[in-house]
Structure formats: structure tokens, C-alpha cells
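Chemist: take a look and give me a structure for this.
(chains A and B)
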Amino acid sequence: MAAPAAAQMALSVSADSDDRFRGVSLSDAKPVVSANIAYDHDSGAYAGASVIGVEGPGNDPRVLGYIGYAGYSARARPGLAWDVGVTTARYTAPTKGGYTAEYTEIYAGLVTENVSARLYYSPDYFGEGGQTLYADLDGAVRPARRWRLFGHVGALAPLGGQAGFGGHRAYVDVRAGVAFALGRCELRLAWTAIDPKPYYPSGYPEARDGVVLGASYGF
Amino acid sequence: MARRLGFALAIGLGIGLASLGAARAGEAAPHAADPADPARQILVLLRLAPEHYRPGADYVGSYGEGPARGAHRRLASQLARRHGLTLASDWPLPLVGVDCFVMNVPAGQSPDAAAAALSLERGVAWSEAMNLYHGQGAPAPNDPLFPVQPAAREWRLTDLHEIATGRAVKVAVVDTLVERSHPDLAGQVEIAENFVGDRPGGAEAHGTGVAGIIAARADNGLGIAGVAPGARLLALRACWEPPASQGAKPASVCDSLSLAKALHFAIAHNAQVINLSLSGPADPLLGRLIDVALARGVTVVGAFDPGLPGGGFPASHAGVVAVADESLRPRPAGVFVAPGHDVPTTQPGGRWFLVSGSSYAAAHVSGLFALVRERTGRARGASALATLSPGSAIDSCATLLRASRAREWACARGPAPSAIARR
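Modeler: Prediction:
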């Protein structure tokens, strides 16, 4: 049938030494494995979901969280695309403590061959009851055929000031790394940091600067 | 912490090794050379989704890598199977928003029909047949003076040599002494005879120059390329350079007897082309010898001398191909025009110099006849020559194409300069 063939469905699995989200570890610095599905429709609409697994207490694997997203993208002209969408994430605490990290954001962005810029708004970031704006800039260059150098800088600004964010105006996170592609697999090494270090009460995910190693395989 | 890093490393290594194994199992690399016949290939352009937000993915500008690539490959495989084609290779082209897949069309199916059918499939932006494009002009020989040879441009020498080089055709050069040892003539002279034995024996300019134009070695990194570098020269010295004491001297002098000896020798030794870059009064003995040669199917080429009635002898002799250089005005009917102005050619002493004159134009035509006679024994005289219109300048490509079997010759594709003019 033509319909399933034309639905450009992409499946992949990935593993990372830490699930870092905007400089913050959501897996309490434990390695995670995730299965991802992504769907691109001819019209420009797209959607995707991931399920993330982590090593639980007693070394059993357990589900850490889910991510879902949907949006629409189009090319303004060759080499320049824009997209809008919504993304949501639901995480449980990596260690038993009852805390859930969850957020929903709407976003809009521009993408060129090497650079993308995006703005996100969340009405209730991480369940704190506070609205946030996050802006980020990503770039990548290809010095050689299988190699990619990438960089990311982002800033999170609580709107209206919330105590849970330690009273800071903005948090800036950076990530820079290198990726190597081999067939259907990609290996990544990145350094990530956030400043200032957000204060979280005990039981919340810790923020730590560090190196993240990752690999992914596309089916 | 170390255990966690170890866990991550193990996962990473496992995925890496699995992928290596998959890669070695024969996945087509995007840029692998395709051994299949391009005439039986089509391009299938799959729509490449514009780059957009992907959580967890810290890259932009995927160039078709990443998860979408797997989806494209699967779609392309399905399409290939459904249409009876085989997938060859792929290459993403993000600037036109497509991922390009090459598919082989089996015998019995038309590539155009396959492309049309695939263009209708969902997910396919369009499909087209693989096209071939030709560069203009064959690579020129490496002779350093080749670019300034008039024959290179006016006679499209490179294109002529694609068809013939005059291989094994015997050309008799009846002239002054040829320098056999000249590096650009080494091995080109099969037989050398001296029919003016009582004259000084050093190599002489006129004969050496004529021989070079006809058969100088091509692609030897030296000097020029002859019109017929495959020809076998019979260097028959029937002429001599007059001594320096005579003022305003001609380049060569020959007499009836020396010429008769040389002509006789040439005919007896089965020369197929005889070059007579000389002119003088009509001579009954020489006329009879030329008639014998013509009767045996030998091509006799003579230099036209505007200063003599009828162009001089042997040019005016019936059956002889009369040749003049481009400066001849007006052009009498029956006289052919060939390059003869500022022609680089071989000179005694292992050197090269520029020459002008109908002697050297005639040499060009002798070389051309050697090319023609490599392809066919039937074209003998002036009727074999094709000319550009108007005027009587020789169309060397047309001349040689007439004598050759039809094929994809560069000569047949038309000269590059007029292609530019048509635009």
C-alpha cells in the first residue's frame, strides 16, 4: 500500500551516559537507553515520541519517562526552513522519591543548513507553577565526511520570578561536542554545563557539568 | 560513576560494532562508484522533510543522516521492489529538498517509462532518467608546440587522430635532405635515399620541415604533432639547398633527373602518397612518371606556385592534388587551401621553427591523405577531399569521416567554435 510506504517513519534506539536536558541531568547522572519513533508527513506535519529507560534500584531496567512532540515545518526557500510545534515530557524520579519532572512547551524556530534558532514557552515548567521562556541556538559543521562538530547555547528565563528558580534572572546552558557517523550508527561525545547552578531541594535532579557519551542506531 | 560510564561505553561499543558489521554486509555507501550502465539507470528523488525540532537530538543540518535516512532507504527499497528495479546508491541534496536514489532498470524495461511510473508514487518528488554529458574535445597531445600549430585548430587535429593516424601508410617526401635523427622524427623515416650524392650531405631545412609537418611524432612531449604521426616516411633526397653565396635563394633546388630517380624509387617501393613540395616547368619525363603513379592509385600532392603559369608543375599536371596556403588570392578552381602560414615544424639541429608557404600547405594535405588511406584504399585523388563552403579550404573532419565507418567520432559532433556561435 502506498500510505504506509509514504509515511516516512523513522525508528531508532540510543544510549547515553547521562540524560542531560538543558544542562540538567534528568537521570541523576545514570546512563539511559531510549527508543524513538519519528514520523514526517508529505504536508510538512511531523510528530514523534520517545520512551526512556534507566537502571532502577536493584539493577532492574525501568521506564524513566516519555517525550512526545508534534509540529509543522516548511521551507521558506532553499536552505531555510521554519517550524512550530508543541512538546511534552513526563519523567519520574530516577530514584524513589515521588518527584515527577514534567513540562509542556510550545516552540517556534528557524533552521538553515548549519544553524537553528528556537524559542520555547512553557506555562508550567517542571511543575513549579511558573511560566518560562527558553531560547536556544544550535550549530553544526562537517569538517570531514563522517564527522560533525556541534554546539549549543540556550538561556532559560522564568517569567515573573519564581522562588523555585532561586531568584535568578536566567540560566545559560551550553553543550559542545563531536559526532562520528558509521553506517546507521552515530557516536557522540559532548561536554555540557549550566550556569548558574540551579538550586533544587533534595530529591530533585542534580545539575552537574560533565561529559556525556552517546550512541544511536537508526533502523 | 565509573560503572555508569562503563555501562554507557559498553552500549556505545555494542552499537558501533553492530553498525560496522551492517556496514560491511554490503550496504551501498552513498558515493560508491556504480558499475552499472548509466544508460539503464534512473534517479528517484524522495522528498526530504525540512529540518525541524527533534527532542534529544543535538544536531542540525542532518544532510540526510540520522533517523530520517533509514526511513528514506526503506521507502526506496519498497519502491524499487514494486517496480522491478534494484537500488544502487543514494545521496542527499538538502538544498533542493530531496534525497536522491539511483536505481538500475533491468533489460526489457524502458528507463523513461520506469521514471514516469515512479514520479507518480507518493513520497517521490520526481524521477528522471540518468543523463550523460560529454566534454568538448579530446585531450590534446602533449607536444608543447601543438597549441600553436594551425592544424590543431583549423584542422581539429586531435579529433582527426581519434579516427586515424596514418598508421602503416607510406608517404614519400621528395625534397631536400631530411634529418632522420631529429628527436621529433626519430623512428618515422622508414627509408632514406640520396639521389643528389655529389652535393653536401648535411640535413636541410625544407625537407626536414616538410617531413615534420607530415609525420612528426605525436605525444612525445617534444615539438609538434604531425598530421599523420603513424605514417612511414620515405625520405627521398632529390633536392638540395643552394649555397649561401647565391643571393635571394629558393629554399630548395631539384633537377629533372634527381626527381625522376626519386619518383621511380617511390613508385617501386609502393609509396601510397607522394609529396612534391616544389614547382617548375612542365617536364615530359616527370609527367610520365607521375602518370604511372596515378595509374597505380598513388596520391600525388603538389605545391601550387602562383608565380608560374597554371600554378607550375607538377601542381598543374592532371590528377595531381594542387595545394596552396591561405594567403593565395584569388583562388583558382581546383586548387585546395591548407594551413601554410606560420606553421611550427622540425628544423635541422634538433630544433623547431616557423615556416610559411604552399610547400608546407602541401605537406598538410599529404598527411591528410595518409589518414584517409589508413581507413580506405579507395579514396585516391582530389575527389576524396571535402571543402568548407565557400572557397576551397579543406574540411579535414568531413574528408576523414567520408573515408571512415560511421561511429561516435568527435569529428562528427561538429567543431566547438561554431557551437558557441549558434548559442
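Chemist: my guess is B:His182 contacts B:Phe353. True?
Modeler: No - with contacts defined as CB atoms under 8 Å, B:His182 does not count as touching B:Phe353, sitting 12.0 Å away. Using the backbone N, CA and C atoms, a C-beta is placed for each residue, glycine as well.
Chemist: which one of the two is surrounded by more residues?
Modeler: B:His182 (25 against 15; other CB atoms under 10 Å in any protein chain shown).
Chemist: got a list of what the closest residue to that one other than its chain neighbours touches?
Modeler: Leaving aside its chain neighbours, B:His182 sits nearest to B:Thr346 (5.1 Å; criterion: CB to CB, 6 or more residues apart in numbering or on different chains). Shown in contact with B:Thr346 (CB atoms under 8 Å, 6 or more residues apart in numbering or on different chains): B:Glu179, B:His182, B:Asp184, B:Leu185, B:Thr208, B:Gly209, B:Ala211, B:Gly212, B:Ala216, B:Gly223, B:Ile224, B:Trp352.
Chemist: B:Thr346 sits in which helix or strand?
Modeler: Using DSSP states H and E, B:Thr346 maps to strand B:343-347.
Chemist: list the buried residues for that strand?
Modeler: B:Val343, B:Pro344, B:Thr345, B:Thr346, B:Gln347 (16 or more other CB atoms under 10 Å in any protein chain shown).
Chemist: helices along chain A, start to end?
Modeler: A:2-6 (DSSP state H).
Chemist: pLDDT averaged over stretch B:408-423, what's the number?
Modeler: Across stretch B:408-423, pLDDT averages out at 55.
Chemist: kindly report the same for stretch B:357-372.
Modeler: 96.
Chemist: now do stretch A:84-104
Modeler: Stretch A:84-104 comes out at a mean pLDDT of 76.
Chemist: swap in stretch B:189-203?
Modeler: pLDDT averaged over stretch B:189-203 gives 88.
Chemist: which residues touch that stretch?
Modeler: B:170, B:177-182, B:211, B:232-240, B:254, B:258, B:261-262, B:265, B:269, B:348-349.
Chemist: in it, what's buried?
Modeler: B:Val189, B:Glu193, B:Asn194, B:Phe195, B:Val196, B:Arg199, B:Ala203.
Chemist: which two from these end up farthest apart in space?
Modeler: Within the buried residues of stretch B:189-203, B:Val189 and B:Arg199 form the most distant pair, 18.9 Å apart (CB to CB).
Chemist: quick one, helices of the stretch 101-250 of chain B?
Modeler: For the stretch 101-250 of chain B, applying DSSP state H, counting those that start in this stretch gives helices covering B:111-119, B:150-154, B:157-163, B:205-215.
Chemist: between the buried residues of stretch B:189-203, which is nearest A:Tyr107?
Modeler: B:Val189 (84.0 Å).
Chemist: helices or strands next to the strand ranked longest in chain A in the packing?
Modeler: Criterion DSSP state E: the longest strand present in chain A is strand A:61-77. Counting contacts by 3 or more CB pairs under 8 Å, 6 or more residues apart in numbering or on different chains; DSSP states H and E, strand A:61-77 packs against strand A:45-55, strand A:80-92, strand A:100-112.
Chemist: go with 10 Å
Modeler: strand A:32-40, strand A:45-55, strand A:80-92, strand A:100-112 (3 or more CB pairs under 10 Å, 6 or more residues apart in numbering or on different chains; DSSP states H and E).
Chemist: which parts of that strand are buried?
Modeler: So for strand A:61-77, counting by 16+ other CB under 10 Å, buried means A:Leu64, A:Gly65, A:Tyr66, A:Ile67, A:Gly68, A:Tyr69, A:Gly71, A:Tyr72, A:Ser73, A:Arg75.
Chemist: ok and it relative to strand A:32-40, angle-wise?
Modeler: 30 degrees (axes from the mean of the first three to the mean of the last three CA atoms, to 10 degrees).
Chemist: how far off centre is strand A:61-77?
Modeler: Distance of strand A:61-77 from the chain centroid (CA atoms, centre = their mean, to the nearest Å) equals 9 Å.
Chemist: ok, it: who's next to it in the sheet?
Modeler: Strands that pair with strand A:61-77, judged by DSSP bridges, come out as strand A:45-55 (antiparallel), strand A:80-92 (antiparallel).
Chemist: export those as CSV, with columns for mean neighbour count.
Modeler: Output for these, formatted as CSV (neighbours: other CB atoms under 10 Å in any protein chain shown):
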stretch, mean neighbour count
strand A:45-55, 19
strand A:80-92, 19
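Chemist: would JSON lines of the contacts of B:Thr346 with distance to A:Thr104 and pLDDT be doable?
Modeler: Below are the contacts of B:Thr346 laid out as JSON lines (distance: CB to CB, whole Å; pLDDT from 0 to 100):
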{"residue": "B:Glu179", "distance to A:Thr104": "93", "pLDDT": "95"}
{"residue": "B:His182", "distance to A:Thr104": "89", "pLDDT": "96"}
{"residue": "B:Asp184", "distance to A:Thr104": "84", "pLDDT": "96"}
{"residue": "B:Leu185", "distance to A:Thr104": "88", "pLDDT": "96"}
{"residue": "B:Thr208", "distance to A:Thr104": "93", "pLDDT": "96"}
{"residue": "B:Gly209", "distance to A:Thr104": "91", "pLDDT": "96"}
{"residue": "B:Ala211", "distance to A:Thr104": "91", "pLDDT": "97"}
{"residue": "B:Gly212", "distance to A:Thr104": "87", "pLDDT": "97"}
{"residue": "B:Ala216", "distance to A:Thr104": "84", "pLDDT": "96"}
{"residue": "B:Gly223", "distance to A:Thr104": "81", "pLDDT": "94"}
{"residue": "B:Ile224", "distance to A:Thr104": "81", "pLDDT": "95"}
{"residue": "B:Trp352", "distance to A:Thr104": "84", "pLDDT": "95"}
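Chemist: sweet, I'm off.
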